[in-house]
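Engineer: I'll drop the sequence and a predicted model, then ask my questions.
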Amino acid sequence: MDSIFLEIILKSKDMTDLVPPQDEVEESLNEALRDAQFGEVSGGGAGSGMVILDVEIWTESDFHDALSLIRRVLKELKVPDSTRIQRHQPEKISYGLSD
């Protein structure tokens, strides 16, 4: 089955001093996804007032468990509530941290 690609979008203006730097968020999320064998952080960048992390979930059957894991890790890292997790295929869906 095909991989699922997600974008985790954080608004720079909502980032506080409590949120770790982008590379620490990437590393924590990547470690959790790999340990659970759900996927990995495949890239990331910042610009235009946003930080975007690219995530690959390896199988559709793990998607909902992986989404729960991503939400838990992001909440533990105290990312802003405005953070969105976007899936683009088979349709565009945007998830919040608590949906």
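Structural biologist: Received it, and whenever you're ready, just let me know what you need. Numbers count the residues shown, from 1 in each chain.

Engineer: could you list every residue that touches Glu40?
Structural biologist: Asn30, Leu33, Arg34, Val55, Glu56 (CB atoms under 8 Å, 6 or more residues apart in numbering). Bear in mind the C-beta positions are built from the backbone N, C-alpha and C, glycine included.

Engineer: should've said Ile93
Structural biologist: Contacts of Ile93 by CB under 8 Å, 6+ apart are Gln86, Arg87.

Engineer: Identify the bridge partners of it.
Structural biologist: Counting by DSSP bridges, Ile93 is bridged to Arg87.

Engineer: Start the count at 53 instead of 1 going forward.
Structural biologist: In the new count, where the first residue is 53, that last one comes out as Ile145.

Engineer: Now do it against Leu105, distance only.
Structural biologist: 17 Å (CB to CB, to the nearest Å).

Engineer: what's the answer for Leu129, then?
Structural biologist: Remark: distance between Leu129 and Leu105 (CB to CB) = 11 Å.
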